[in-house]
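**Q** need coordinates for the following:
(chains A and B)
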Amino acid sequence: MKKISKILLSMLFVSLILVGCSSPTGSTDNNQTDKPAEGCSVLIGLVTDTGGVDDKSFNQSAWEGLTQFAEENNLQECIQYLQSDSEADYIPNLTGYAEEGYDLVIAVGYLFQDAVDTVSVQYPDTNFLFIDSESLSDNVMSAVYNAEQGSYLVGVAAGLKAIENESKMVGFLGGMEGDLIGSFQAGYEQGVLSVCPDCVIYVDYADSFSDDAKGQQLAAKQYGAGVSVIYQAAGTAGNGVNKEAKERGDVWAIGVDKDQYEDGKVADGSSIILTSMVKRVDISTYTAATEVLNGTFEGGVMIFDLTNEGVGAELSSGRNLTDEEIAQIQGYADDIKAGTIKVSAVPTIANGSTN
Amino acid sequence: MKLLISMFPTVLLVATPIIIAALGGLFSERSGIVNIALEGIMMVGGFAGATVCVLLESQPGIGAYAGWMGILAGLIAGVVYSLLLAVSTISFKADHTIAGTALNMLASGITVYLCQIIFGQQRTKSFIVGISKVKRIPILSNIPIIGKMIFSNVYPTIFIAVILVLFTYFLVFKTRFGLRLRACGENPQAAESVGINVYKVRYISVLISGALAGSAGAIMVLTSGIQYTISSIHGVGFIAIAALIFGKWNPFGVLGAGIFFGFSSALGVYASMIPILKLLPSEFFAAIPYVLTVVALIIFSGKSVGPKAAGEIFDSSKR
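**A** Purely as a prediction, here's the structure:
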């Protein structure tokens, strides 16, 4: 009897494994692990960091640009993505696509610096798009965003709201400390202080772009201390801030990378997202993919800022900003474009402290 | 003091899944089965909870209860998954540690695999609310200090944890079933000689353990996250085992240990607001639960605090 059940249990496991090997049926549009169909004029692979293409910000925006490209050129079967579960996956994921002969391999995020530097040299015939940092190899197109400019504008929005509800306290929650997120923080600081010189700015880092629980706890701390607006630049971890703001209902959060207004909606249809710092990562993936398709791809650095609308603040009217506030923010945007306001990318407030 | 009050909801948020999972471990270990698979069971529970919540949330009518249905799903998934541990360790007499480790490894693989099938990505879709905080509990929230600390802006799941602590104490120490359970964990041969079905008692205990750990996983994901990912549980199952040891296999000890570990985790977040602690890196606070567990083990080592037969494979012919 026992022997039979032992055999049955073993067979159950073996059959589980076999089921796992069989090719999944059903819709193929979300089935990203399959090899792409034959007959693609270009093959494009996108590698995300630990955030994943549904992070509602950075990686998702990159993937959306690529999806848009694929739909317009009817190449849906020819784009793929891989999510990295840890830093150790960066090089294998990039190498995997390069090895399989992909025409364009996209590395999303500055964390890929070493990986891109290494792999782009090993595969000189493969084109790479590197988002948020620069790599010197000829076959790498680097997309650099002057995020401090967009962050300055949402900082102005935060400062205006902090004055309005008399708390005069605002918060910043970053993913991981470094030059990139530092530029978000720097722009925000300057923006807040430009309209509200006596505002107190709380700064915290989640030490992760994926730990939403940590993001929520830090947000609870800042809101608990009396902060009325938090600007989060932390990928998935930042979604924890949005969650905490939704729980509280009487505070604001500022979205990052994409317009997150819809994600911040609460039961009564209003949204806790004051505005969002929009960083058009989708433009760079779309552009690079199109250039590869047309055979005009060249390595080098593309810079996105306010002037070419690669970064900016989401300023649709009828949301949480009044028309006067929008006009005021627009004014600052014009000054930055004209060069009368210079936004520094160096933050001044240390992690875990205030100004 | 004000800081302590604002910190407390975070403490309770972190402590809740630790306490519930550790109670699960208590049932299993008191009956003699070392349950190192708590982490894996929590992952399965968390995955099931998040999946059910995401799928039900958009349904009219039941959408408002989706979070609670998620916990129920986590409980059921935990029971089913712990059945694997029960069958392998009790019926097939496999080594408890190895079986538990295997289940932990299987859990991370199988949950991501199922996410890929259901959602087409390596994580569940994110749910909109999960379980919401209670703004203030009537009457109780008016108590000075404690009212603000414990009874306002808090997830209702902590009260479930406290009720479970009381229930566990009653069941394990005040009922006939509890006596049998403890007998199986102390000396199964003696228990069998007086007519107790050791296999049955241990099966029930491991399944209860799975139910608690599974719901703890679901509670953890639904209260402190927005979706299930492979790193959602990040070692809380092992902290629960530590809390069980630190709490000396006693439900009230577990409650205290859970809150203590929650406190050390919250300190990591709030340290920047406390002048002296500001100087320490946040990793220091993350390490506290583990350091304390090692210290506790050193202090308790040699004393027979835990169930005597825990981890031993039951052989009824052995005397």
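**Q** C-alpha only now, for contacts and for neighbours.
**A** OK.
**Q** burial count for whatever residue of the stretch 151-300 of chain A ends up closest to chain B?
**A** As assessed by Cα to the nearest Cα, chain B sits closest to A:Ala213 within the stretch 151-300 of chain A, at 5.0 Å. A:Ala213 has 26 neighbours, counted by other Cα atoms under 10 Å in any protein chain shown.
**Q** for it, give me phi and psi.
**A** A:Ala213 adopts backbone torsions of phi -60, psi -40, taken as degrees, to the nearest 10.
**Q** cool, A:Met302 as well?
**A** Here is the backbone geometry of A:Met302 (degrees, to the nearest 10): phi -110, psi 130.
**Q** which bits of chain B sit near chain A?
**A** Selection of chain B residues close to chain A by Cα under 8 Å from any Cα of the partner chain yields B:6-7, B:10, B:92, B:117, B:120-122, B:125, B:129, B:132-133, B:224-226, B:232, B:269-270, B:272-273.
**Q** quick one, which of the residues you listed are buried?
**A** With burial judged by 16 or more other Cα atoms under 10 Å in any protein chain shown, the buried subset of the residues of chain B next to chain A is B:6-7, B:10, B:117, B:120-122, B:125, B:129, B:132-133, B:224-226, B:232, B:269-270, B:272-273.
**Q** where along the stretch 251-355 of chain A do the helices fall?
**A** Secondary structure of the stretch 251-355 of chain A by DSSP state H, counting those that start in this stretch: the helices cover A:281-294, A:323-338.
**Q** tabulate the ones you listed (TSV), appending mean pLDDT, distance to B:Thr175 and mean neighbour count.
**A** Below are the helices of the stretch 251-355 of chain A laid out as TSV (pLDDT from 0 to 100; distance: least, Cα to Cα, whole Å; neighbours: other Cα atoms under 10 Å in any protein chain shown):
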stretch	mean pLDDT	distance to B:Thr175	mean neighbour count
helix A:281-294	92	63	21
helix A:323-338	94	67	16
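**Q** could I get the ones you listed as JSON lines with distance to A:Ala147?
**A** Supplementary listing: these in JSON lines, determined by distance: least, Cα to Cα, whole Å:
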{"stretch": "helix A:281-294", "distance to A:Ala147": "11"}
{"stretch": "helix A:323-338", "distance to A:Ala147": "13"}
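**Q** need the ones you listed in a markdown table (columns: distance to chain B).
**A** Formatted as a markdown table, the helices of the stretch 251-355 of chain A follow (distance: least, Cα to the nearest Cα, whole Å):
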| stretch | distance to chain B |
| --- | --- |
| helix A:281-294 | 20 |
| helix A:323-338 | 29 |
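**Q** so which of these is nearest A:Lys221?
**A** Nearest to A:Lys221 among the helices of the stretch 251-355 of chain A is helix A:323-338 (27.9 Å), distances taken as Cα to Cα.
**Q** who touches the closest one?
**A** Residues from elsewhere that reach helix A:323-338, judged by Cα atoms under 8 Å, 6 or more residues apart in numbering or on different chains: A:149, A:153, A:156-157, A:160, A:306-307, A:315, A:317, A:341-343.
**Q** name only those of those residues that count as buried.
**A** Of the contacts of helix A:323-338, these count as buried by 16+ other Cα under 10 Å: A:149, A:153, A:156-157, A:160, A:306, A:315, A:343.
**Q** run through chain A and note the low-pLDDT ranges.
**A** Regions of chain A meeting the criterion pLDDT under 70 cover residues A:1-2, A:9, A:12-38.
**Q** could you chop it up by domain?
**A** Using automatic domain parsing, the domain ranges for chain A come out as A:38-145+A:282-304, A:147-278+A:322-338.
**Q** just those domains: most buried one?
**A** Of all those, domain A:147-278+A:322-338 has the most neighbours on average by mean count of other Cα atoms under 10 Å in any protein chain shown, namely a mean of 23.
**Q** need the distance between the two termini of it.
**A** Terminal residues of domain A:147-278+A:322-338 are spaced 17 Å apart (Cα to Cα, to the nearest Å).
**Q** and if you look at stretch A:108-119?
**A** Using Cα to Cα, one end of stretch A:108-119 lies 14 Å from the other.
**Q** find the nearest non-adjacent residue to B:Val269, please.
**A** Excluding the flanking residues, the one nearest B:Val269 by Cα to Cα, 6 or more residues apart in numbering or on different chains is A:Leu218, at 6.2 Å.
**Q** helix or strand: which one has the one you found?
**A** Counting by DSSP states H and E, the element that carries A:Leu218 is helix A:212-224.
**Q** show the contacting residues for the residue nearest the centre of chain A.
**A** Residue closest to the mean C-alpha point of chain A, counted by Cα atoms, centre = their mean, is A:Phe58 at 1.5 Å. A:Phe58 is in contact with A:235, A:256-258, A:279, A:281, counting by Cα under 8 Å, 6+ apart.
**Q** filter those down to the ones in strands?
**A** Secondary structure from DSSP state E places A:256-257, A:279 of the contacts of A:Phe58 in strands.
**Q** mind putting those residues in JSON lines, distance to chain B included?
**A** As requested, the ones in strands among the contacts of A:Phe58 are arranged in JSON lines below (distance: Cα to the nearest Cα, whole Å):
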{"residue": "A:Val256", "distance to chain B": "17"}
{"residue": "A:Asp257", "distance to chain B": "18"}
{"residue": "A:Lys279", "distance to chain B": "22"}
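**Q** now the stretch 1-150 of chain B against chain A: closest residue?
**A** B:Gly120 (5.3 Å).
**Q** the closest residue to B:Ala310 other than its chain neighbours in helix, strand or coil?
**A** Among residues not flanking B:Ala310 along the chain, B:Gly32 sits closest, at 3.8 Å (Cα to Cα, 6+ apart). Put simply, B:Gly32 is coil when judged by DSSP: H, G, I helix; E, B strand; the rest coil.
**Q** for B:Gly32, list the residues it contacts.
**A** B:Gly32 is in contact with B:184-186, B:202, B:307-312, counting by Cα under 8 Å, 6+ apart.
**Q** what pLDDT does it get?
**A** If you check B:Gly32, the pLDDT there is 93.
**Q** for it, phi and psi?
**A** For B:Gly32, the backbone dihedrals (degrees, to the nearest 10) come out as phi 110, psi 0.
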